[in-house]
Every structure is written in structure tokens, then in C-alpha cells.
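Asks: show me how the following folds:
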Amino acid sequence: MDKYQEMRAFAAVVDAGSFVAAADAVGMSKAAVSRHVSELEQRLGSRLLHRTTRKLSLTAEGEVFLARCRDILASIDESEAEISTRSHTASGLLKVSVPVSFGIQHLAPLWSEFMQAHPRVSLDVQLADRIMDLVDEGFDLAVRIARLPDSSLVSRQLASTRLVLCASPRYLRARGTPGHPSELADHDVIGYSLFAMGDQWQFSGPGGPVTIKVRPRLWSNNGDTCVAACVRGAGIQLQPTFLVAPALASGQLVEVLPSYRPMELGIYAVYPTRKFVMPKVRALVEFLSVKLAQADWASGSTQNESAPRRRSLRTPTHHKELP
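Replies: Predicted coordinates:
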């Protein structure tokens, strides 16, 4: 009887949504995963999963037991991390959540270099613009771009990115250039639908803070889509430097209202609060801190920090972030 393997298999089935996917995730055969879960249910005398031909779902007993399983498995991971930390060797599978556009453009080119520097580490990089629950979904670390609220997570700021109000020269020739944020009401606006501030755009101008409610003609939940439309003259957009810097440098886009500065956002590595940070997590945080601070679109003073900066953060499940 292996209670650890039973709990591990059970949690994997819930996370993966099927026995086949769970088998791949934990490196067992489908038969072994099924046997572990069945033996667990038999030993407990309770059914933990509803099984149909289309999907799996937790029973009420399964929901209670899953929460306990996660606590126990996390404690085992922490114990192993404590021992591993003493050896200072980064090893094992590192599951990372990153935003889609930022992950493709700026992180994807870095993964090979990181793995070469840490040959005992394997990566599972998941791209999504929704906020993942790191503990419930089994992530070791996430990269988030936002003004982070209070959370039970530990964070380290890796870099900053400035939001830029910009448009194509073709659009400005046709429609004119606004002289104040309030004049955006007379323009076609391209809106990013996952902005935490929604349609309330905030600026810091010569006379102080300015907040404008915009009515976008085009909405998208993907920053690359917004930029592509803007370059082709669809309107005025507000997007981060990590997305628009190349288009600004080439002249495809022009900054609008430069004396009215939008907010600056932090780029953070966040990970569950644990007493012992696993070497693989620490290694990736240090690596990204160096690489992102060197980016020509990065702003702010965080690039000279050498030690992890910790603070208590509370990131709600539905908190919105940049792409």
C-alpha cells in the first residue's frame, strides 16, 4: 500500500481531467493510475470521483479529500525542498505559468539558455492570460504583469514596463492628433479587454492625474491583435512597451500625448509562500531577473536589485493582467 502514490495519482487525475492525461503527468501507466485511485476509494470506503464517458468530476467526499491531499503533497514537497536547498542543486520539473504574448515574444527565446545552464531541470511552460491558482493547479512559479494586490504569494519584481498611448501616422493624418486625453472621445480607440482598469484609462499630466472613460471601437483580449490593428490604422491604443517598442522604433506607431503619462506596471515572478524556496525556482527567478532587466523596453529601477524582494500579496483568482 503506497498512500503517497495514491494521493499523487488522485490529485493528478483531478488536475488533468482524465486518467490518460494524469498518467502522462506523473509518469505512470494509465492502468497504474486507475489502480491507485480505485485502491484509494476502496480503502476509504467512499467514491471520490464521478466517472462518465465524457468527463470526471469530484464527489463531495472527493472535494474534501482533495484539499487534504494537496496539503500533504505540498508538505512533502517542502520537506524535499529543504533538503535539496542545502545541496544548492536545481533539479526536477519546473511548472511555470506565463502570459501569452509576453511569453511568446520575450520568454520563449530564453528557455533553451536556462535549461543549458541547469541541465537537471525540466520545464513545463503553460501560456495563458488568466490568473492561475498556483497551489491548486500545481505551478511552481508564474510571471505576471500588473499592479499586484495583496496576496498569500511571494513576489519578486523582475522589471517594469510603461504603458504607451500610440497610433499609426496614417490614422493621425486622417483623424488628427488629440491634445488632451478627454479628446479620445472623438477618436477610434482600441481597447485591451483584460486591463484591470477596464475602460477607465488613467494618466499623470501637467495638471495632475487624469482619468478618462473610453469607448473602444475594437476590443480584444490579446495585445498582439491590438497592436496589429493599430499599426494598420484602426485607432489609438494603450499598450505596454514590451509590445509596441519595435513599432515605435520603426515609425509604424507614434506616441500620442507624451506629456500625459499612463501608469507603469511591474513584471513579477510570483510563487507560493514557503519557508524553503526550491533551488529550481530560485534559479529561474535569478535568471529572469538578469535577462529581463537587460531588455531595451524595460523601465524602472528594479534592474539593479540582486536579492529577492518579498512582500505579502493577495492575488484573487479573477485578477486581470496584461498579455
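Asks: what about the helix or strand hosting Ser155, distance to the chain center?
Replies: The secondary structure element spanning Ser155 is strand 151-167 (assigned by DSSP states H and E). Here strand 151-167 shows a centroid-to-chain-centroid distance of 11 Å under the convention Cα atoms, centre = their mean, to the nearest Å.
Asks: pull out the buried positions in it.
Replies: Applying a neighbour-count criterion of 16 or more other Cβ atoms under 10 Å, one finds 151, 153-167 buried in strand 151-167. Using the backbone N, CA and C atoms, a C-beta is placed for each residue, glycine as well.
Asks: how about low-confidence regions in the stretch 201-323 of the chain?
Replies: Low-confidence regions of the stretch 201-323 of the chain, defined here as pLDDT under 70, cover residues 273-276, 299-323.
Asks: and the helices in it, which stretches?
Replies: For the stretch 201-323 of the chain, the helices defined by DSSP state H, counting those that start in this stretch occupy 223-231, 241-250, 279-293.
Asks: can you map out the strands along the stretch 51-200 of the chain?
Replies: Using DSSP state E, counting those that start in this stretch, the strands assigned to the stretch 51-200 of the chain run over residues 56-58, 92-98, 121-127, 141-146, 151-167, 189-192, 200-205.
Asks: hang on, Leu238 packs against Leu163?
Replies: Yes: with contacts counted by Cβ atoms under 8 Å, Leu238 reaches Leu163, the gap being 5.5 Å.
Asks: so what sits against both of these two?
Replies: Pro262 (Cβ atoms under 8 Å, 6 or more residues apart in numbering).
Asks: is it true that Arg70 touches Glu137?
Replies: No: counting by Cβ under 8 Å, Glu137 is not a contact partner of Arg70; they are 10.4 Å apart.
Asks: between those two, which one's more packed in?
Replies: Higher neighbour count among Arg70 and Glu137: Arg70, with 17 against 13, using other Cβ atoms under 10 Å.
Asks: pull the contacting residues for the more buried one.
Replies: Applying Cβ under 8 Å, 6+ apart to Arg70 gives the contacts 11, 135-136.
Asks: Pro178: how many residues sit nearby?
Replies: By other Cβ under 10 Å, the residues close to Pro178 number 19.
Asks: check contacts around it.
Replies: Residues counted as contacts of Pro178 (Cβ under 8 Å, 6+ apart) are 184, 186-187, 236, 256-257.
Asks: follow-up on the earlier one: the contacts of Arg70 in helices, which ones?
Replies: Using DSSP state H, the subset of the contacts of Arg70 located in helices is Ala11.
Asks: ranking by neighbours, what's the top pick from the contacts of Arg70?
Replies: Ala11 (21 neighbours).
Asks: and stretch 251-264, what's buried?
Replies: 252-253, 256-257, 260, 262.
Asks: now, among those residues, which is nearest to Leu292?
Replies: Taking Cβ to Cβ as the measure, Pro262 is the one of the buried residues of stretch 251-264 closest to Leu292, at 20.2 Å.
Asks: and stretch 162-181, how far apart are its ends?
Replies: From its first residue to its last, stretch 162-181 covers 17 Å (Cα to Cα, to the nearest Å).
Asks: I'd like the helices of the stretch 201-323 of the chain as TSV, with mean neighbour count and distance to Asp2 appended.
Replies: Converted to TSV, the helices of the stretch 201-323 of the chain look like this (neighbours: other Cβ atoms under 10 Å; distance: least, Cβ to Cβ, whole Å):
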stretch	mean neighbour count	distance to Asp2
helix 223-231	21	46
helix 241-250	18	46
helix 279-293	20	25
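Asks: Glu61: which of the ones you listed is closest?
Replies: When the helices of the stretch 201-323 of the chain are compared by Cβ to Cβ, helix 279-293 sits nearest Glu61, at 33.0 Å.
Asks: so the residue of the chain most remote from its centre versus Tyr171, what's the distance?
Replies: With Cα atoms, centre = their mean as the measure, the chain has its most outlying C-alpha, relative to the mean C-alpha position, at Gly45: 39.3 Å. Noted for Gly45: a distance of 68 Å to Tyr171, by Cβ to Cβ, to the nearest Å.
Asks: ok, back up a step: let me see the mean pLDDT of the strand holding Ser155.
Replies: Model confidence over strand 151-167, given as mean pLDDT, is 86.
Asks: cool, and stretch 35-54?
Replies: Mean predicted lDDT for stretch 35-54 stands at 88.
Asks: start to end distance for that stretch?
Replies: Distances were taken as Cα to Cα; on that basis the terminal residues of stretch 35-54 are 20 Å apart.
Asks: I'd guessed Asp140 sits against Val277; true?
Replies: No: with contact defined as Cβ under 8 Å, Asp140 and Val277 do not form a contacting pair (9.8 Å).
Asks: between the two, what contacts are shared?
Replies: Contact criterion Cβ under 8 Å, 6+ apart; residues bridging Asp140 and Val277 by contacting each: Tyr271.
Asks: ok, back up a step: the strand holding Ser155 - contacts with which helices or strands?
Replies: If you count contacts as 3 or more Cβ pairs under 8 Å, 6 or more residues apart in numbering; DSSP states H and E, strand 151-167 packs onto strand 236-240, helix 241-250, strand 254-255, strand 261-262, strand 264-272, helix 279-293, strand 313.
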